[in-house]
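Asks: the following comprises the amino acid sequence and a computationally predicted model.
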Amino acid sequence: MRDRLADAGDEPLSARRRRAQGAVDKMLDVVPWYKGLPELERNLIRAELRVVSLTAGEFLFRAGSRSPGWYGVVQGLVKWSSPGADGKTLSLAGFSTGSWFGEATMIRRERFEYEVVALRPSQIVILPRETCERLWNNNIEFTKALMTHLAQRVDWLMSSFTSNVLLDVDTTVARAVAAQFNAERHSGTNGRLKVSQEEIAGLCGISRQRCNAALARLARAGVLETYYGGLAILDVSELYRLADVKQGA
């Protein structure tokens, strides 16, 4: 993991910094607990954020690393997985623009038992633990947001376990698509997700061929349509029904 700005050829460094800062500000503008803070507190938090840029295939952290704080995805797509002793990994979830993760390990002050890797060039912010602690001691809205994330994470882990053990490929793929829709539903995408079929396959831990077949069946059912580099959700309620998860969870 490196604290850096993505290479942009001959673009001046000042312009790259402004562009990166603008992306962070845009992401924060749709975070309810952040928007509800006094301006002075927002400015302080903004100054304390660390920004990390990742290339495709680069790890944000590996199992055994210590947690520096709470992670938020400014742009891109990263995969959360658990490494096994046999060298295989269990895919748990994907985090895209607007997602926050890593709260449980941060609160417990433990080392990570899982790893997060970028599936495409991604930009991540880290809200330092000290900042989080100040907020959860003094701001009820932040504390509620953190507890909501924890509850949703438990629900998702339970459903992921069920998915990996019991569910068929179509349900697994529908859950991965629903998770991306959840993460981006406040980002103004209007149901159009910039996630490729290869990335969905990677999030599910299945072959691209099996993923493509499942997406084709979802398309024939009128749930979504695929286009180059992304998906468009046509029937949100049916997507959640086929994914066997609560809408908006």
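Replies: Looks like it came in fine.

Asks: how long is stretch 226-239 from one end to the other?
Replies: End-to-end span of stretch 226-239 (C-alpha to C-alpha, to the nearest Å): 14 Å.

Asks: cool, and stretch 191-200?
Replies: 16 Å.

Asks: can you list the weak-confidence ranges in this protein?
Replies: 1-20, 85-87, 156-167, 184-190, 246-249 (pLDDT under 70).

Asks: rerun that using 80 as the cut-off
Replies: Confidence mapping of the chain against pLDDT under 80 gives the ranges 1-21, 30, 83-93, 152-167, 182-191, 205, 244-249.

Asks: contacts only, for the residue nearest the centre of the chain.
Replies: Centroid check for the chain by C-alpha atoms, centre = their mean gives Phe95 as the closest residue, at 1.6 Å. Each residue near Phe95 by C-beta atoms under 8 Å, 6 or more residues apart in numbering is listed here: Tyr71, Val73, Leu77, Val78, Lys79, Trp80, Phe101, Val116, Ala183. C-beta here means a position set from N, CA and C on the backbone, and glycine is covered the same way.

Asks: now it: which helix or strand?
Replies: Element membership of Phe95 [criterion: DSSP states H and E] is strand 89-96.

Asks: tell me the buried residues in that strand?
Replies: Within strand 89-96, the residues that qualify as buried are Thr89, Ser91, Leu92, Ala93, Gly94, Phe95, Ser96, counting by 16 or more other C-beta atoms under 10 Å.

Asks: the helix or strand just after that strand - contacts with which helices or strands?
Replies: As assigned by DSSP H and E, the chain's next helix or strand after strand 89-96 is strand 100-101. With contacts taken as 3 or more C-beta pairs under 8 Å, 6 or more residues apart in numbering; DSSP states H and E, strand 100-101 sits against strand 69-75, helix 140-165.

Asks: so for the helix or strand harbouring Ile200, what gets flagged as buried?
Replies: Ile200 belongs to helix 197-204 when assigned by DSSP H and E. Using 16+ other C-beta under 10 Å as the burial criterion, the residues of helix 197-204 that qualify are Gln197, Glu199, Ile200, Ala201, Gly202, Leu203, Cys204.

Asks: where along this structure do the strands fall?
Replies: Taking DSSP state E as the test, the strands found in the chain are 50-54, 59-61, 69-75, 77-83, 89-96, 100-101, 115-118, 122-128, 192-193, 224-227, 230-233.

Asks: note down every partner strand of the third one and its orientation.
Replies: Listed by DSSP bridges, the sheet partners of strand 69-75 and their directions read strand 100-101 (antiparallel), strand 122-128 (antiparallel).

Asks: residues contacting Leu49?
Replies: Val24, Val125, Ile126, Leu127.
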